[in-house]
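Enquirer: coordinates for the following, if possible.
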Amino acid sequence: MGSLLTGPVVEFAGRRRVLLVAGAMFSAAWAAIACANSPANLILARALTGFCVGVVLPSAQVYVSECAHTGVRGVVGSMPSVFMAGGILSSYLAGSWLSWDRLAVVSALFPLALTCSLWWLPESPGWLRSRGRLKEAAASARWLHLEPLPAPDLSVFTVSSAPQPAPPPEDVPPGRAPLLLPFFLVTALLVFQQVSGVDVLVFYTVAVFRAAGFRDDRSGTILVGLFQLVATALSLFTVDRFGRRVLLVASGVVMSAAMFCLGGYFFLRDRNMADSLGSLPLLSQLLFVTGFSIGYGNVPFVLMGELLPSSHRSVLSSLASAFNLGSMFVVIKTYPDLAVALGQHGVFWMYSFFCLASCFFVVLMLPETKGKSLEEIELLFLGDVKKETAPGTEAEKKGSEEKLDE
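Expert: Okay, the predicted model is just below:
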């Protein structure tokens with residue numbers, strides 16, 4: 001629900017303002033969890049934290065991508081994933097020695113820090129410019145040390161004022177690029193991110209270790225969280241060096257191999273053939289979180305801020321995030337039943353197949369955006385529409401010649 005409602009609000013009120021309010025709501029929700037005196041209050045407060053996740057996820061990604069210089073947009077756009085991995089690790093650590101209500105108090109401090117830090121930051125130059133507040137946009141861009149704002153007649157935000165043979169992005173008919181194709185690409189990557197099974201390992205780490213007969217399950221859980229944080233931090237040095245496509249393919253291959261090995265362990269264990277493979281579940285999960293962190297952990301969110309057209313970025317980011325969170329819910333909810341129906345090995349092999357399928361999708365469908373400005377990426381998709389809709393194309397010329405012959 002949070003993601004679905006965020007788009008229009010972010011477009012109307014601005015990215016920074018929405019994040020300020022959401023951060024305060026997030027802290028209040030965690031405080032309500034800590035003070036809950038009944039199951040009903042606990043469920044209500046927990047639902048509010050879920051709502052806040054839906055608000056913050058698309059808003060933060062759009063904000064950081066619009067406030068980042070082209071040369072470091074991949075690094076800056078990956079920072080939310082780094083802090084997310086840090087939050088998961090801190091929850092693992094604190095949860096090993098704190099009660100759940102005290103853990104909620106600790107969790108309330110993080111969104112409070114977000115709210116406090118945002119007071120010192122400017123609004124997104126892109127949003128200010130889209131609202132006609134050009135002086136404020138220029139001041140924000142200078143504060144952020146961005147490139148100079150393009151002249152109005154060259155800006156993709158004012159392209160509709162000049163005569164063009166093709167319709168501007170906001171007037172493209174439904175089902176045509178550059179609106180639906182970028183949205184499809186981003187949404188597909190976010191769905192692939194979830195059907196890789198990552199949140200099964202995040203939410204069921206202890207359960208998976210126990211099912212595998214791993215003795216020190218809590219230490220293994222903390223080690224997995226630590227590996228994820230380190231690998232995500234290291235990905236900051238690769239996202240703008242190797243490009244998005246290479247990292248996603250490498251990530252998909254590594255995750256597929258890790259899930260295949262984890263499924264293989266359960267397959268052999270069920271046949272009493274895994275006595276010498278006791279460390280394989282831990283090694284498989286460490287390999288998986290490493291592969292996930294170098295690509296699918298952050299690149300889909302970077303591409304969310306890059307591929308979606310500026311005129312509809314807020315709304316489409318919210319919808320894409322809704323698909324992402326909806327997929328996460330389905331994967332987490334269905335895991336116990338699938339483990340019974342398919343066996344532990346069957347579930348992880350299914351996730352392995354999805355990881356491998358994502359590689360083919362990236363190779364066949366996804367364009368590279370490394371080093372391109374947001375305007376260049378938008379015009380990349382707009383160019384396909386112009387070829388199809390501009391008068392005087394080869395198809396129209398051929399049709400005219402046929403009519404003349406008749």
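Enquirer: now do the buried residues in whatever helix or strand Val64 lives in.
Expert: Secondary-structure element containing Val64, defined by DSSP states H and E: helix 39-66. Within helix 39-66, the residues scored as buried using 16 or more other Cβ atoms under 10 Å are 42, 45-46, 48-49, 51-66. From N, CA and C alone the C-beta is placed, and that goes for glycine too.
Enquirer: so how far is it off the chain centroid?
Expert: Distance of helix 39-66 from the chain centroid (Cα atoms, centre = their mean, to the nearest Å) equals 14 Å.
Enquirer: repeat that for stretch 132-151.
Expert: With Cα atoms, centre = their mean as the basis, stretch 132-151 stands 27 Å off its chain's centre.
Enquirer: which elements pack onto the helix holding Val64?
Expert: helix 2-13, helix 15-35, helix 73-95, helix 100-118, helix 125-130, helix 299-307, helix 313-365 (3 or more Cβ pairs under 8 Å, 6 or more residues apart in numbering; DSSP states H and E).
Enquirer: now do the buried residues in the fourth one.
Expert: Along helix 100-118, these residues count as buried under the neighbour rule (16+ other Cβ under 10 Å): Leu103, Ala104, Val105, Val106, Ser107, Ala108, Phe110, Pro111, Leu112, Leu114, Thr115, Leu118.
Enquirer: pLDDT for these - can I get that in TSV?
Expert: Converted to TSV, the buried residues of helix 100-118 look like this (pLDDT from 0 to 100):
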residue	pLDDT
Leu103	87
Ala104	90
Val105	90
Val106	88
Ser107	89
Ala108	90
Phe110	87
Pro111	89
Leu112	90
Leu114	85
Thr115	88
Leu118	87
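Enquirer: nearest to Ser284 among those residues?
Expert: Proximity of the buried residues of helix 100-118 to Ser284 (Cβ to Cβ) peaks at Leu103, which lies at 27.7 Å.
Enquirer: hmm, back to that, tell me which of the helices and strands packed on helix 39-66 sits most buried.
Expert: Highest mean neighbour count of the helices and strands packed on helix 39-66: helix 299-307, a mean of 27 (counted as mean count of other Cβ atoms under 10 Å).
Enquirer: not counting its own residues, what contacts whichever strand or helix holds Ser284?
Expert: Taking DSSP H and E as the definition, Ser284 sits inside helix 280-294. Residues outside helix 280-294 that contact it (Cβ atoms under 8 Å, 6 or more residues apart in numbering) are 81, 85, 196, 198, 201, 205, 208-209, 212, 214, 220, 223-224, 227-228, 231-232, 234-235, 238, 247, 250-255, 257-259, 261-262, 264-265, 274.
Enquirer: which residues of the stretch 1-150 of the chain score low on pLDDT?
Expert: Counting by pLDDT under 70, the stretch 1-150 of the chain has low-confidence residues at 2, 71, 146-150.
Enquirer: hmm, back to that, could the helices and strands packed on helix 39-66 go into a markdown table alongside distance to Ser293?
Expert: Output for the helices and strands packed on helix 39-66, formatted as a markdown table (distance: least, Cβ to Cβ, whole Å):
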| stretch | distance to Ser293 |
| --- | --- |
| helix 2-13 | 23 |
| helix 15-35 | 24 |
| helix 73-95 | 7 |
| helix 100-118 | 20 |
| helix 125-130 | 28 |
| helix 299-307 | 10 |
| helix 313-365 | 14 |
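Enquirer: out of the ones you listed, which is closest to Leu374?
Expert: In terms of Cβ to Cβ, the element of the helices and strands packed on helix 39-66 nearest to Leu374 is helix 299-307, at 6.5 Å.
Enquirer: so which residue is dead centre in the chain?
Expert: The residue lying closest to the centre of the chain (Cα atoms, centre = their mean) is Phe301, at 3.2 Å.
Enquirer: contacts only, for that one.
Expert: So Phe301 contacts Gln61, Gly77, Ser78, Pro80, Ser81 (Cβ under 8 Å, 6+ apart).
Enquirer: need these in CSV with distance to Pro182, can you?
Expert: Converted to CSV, those look like this (distance: Cβ to Cβ, whole Å):
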residue, distance to Pro182
Gln61, 14
Gly77, 15
Ser78, 19
Pro80, 20
Ser81, 20
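Enquirer: out of the residues you listed, which is nearest to Ser317?
Expert: Gln61 (6.5 Å).
Enquirer: just checking, the closest one touches Gly77?
Expert: Yes - between Gln61 and Gly77 there is a contact at 6.9 Å, judged by Cβ atoms under 8 Å.
Enquirer: between those two, what contacts are shared?
Expert: Residues touching both Gln61 and Gly77 by Cβ under 8 Å, 6+ apart: Phe301, Val302, Gly305.
Enquirer: residues in contact with the residue nearest to the second one when sequence neighbours are not counted?
Expert: Spatial nearest neighbour of Val302, excluding adjacent residues (Cβ to Cβ, 6 or more residues apart in numbering): Gly77 at 3.8 Å. Gly77 makes contact with Gln61, Val64, Ser65, Ala68, Val239, Asn298, Phe301, Val302, Gly305, Glu306, according to Cβ under 8 Å, 6+ apart.
Enquirer: if we go to 10 Å?
Expert: Neighbour list for Gly77: 60-62, 64-65, 67-68, 236, 239-240, 298-299, 301-306 [criterion: Cβ atoms under 10 Å, 6 or more residues apart in numbering].
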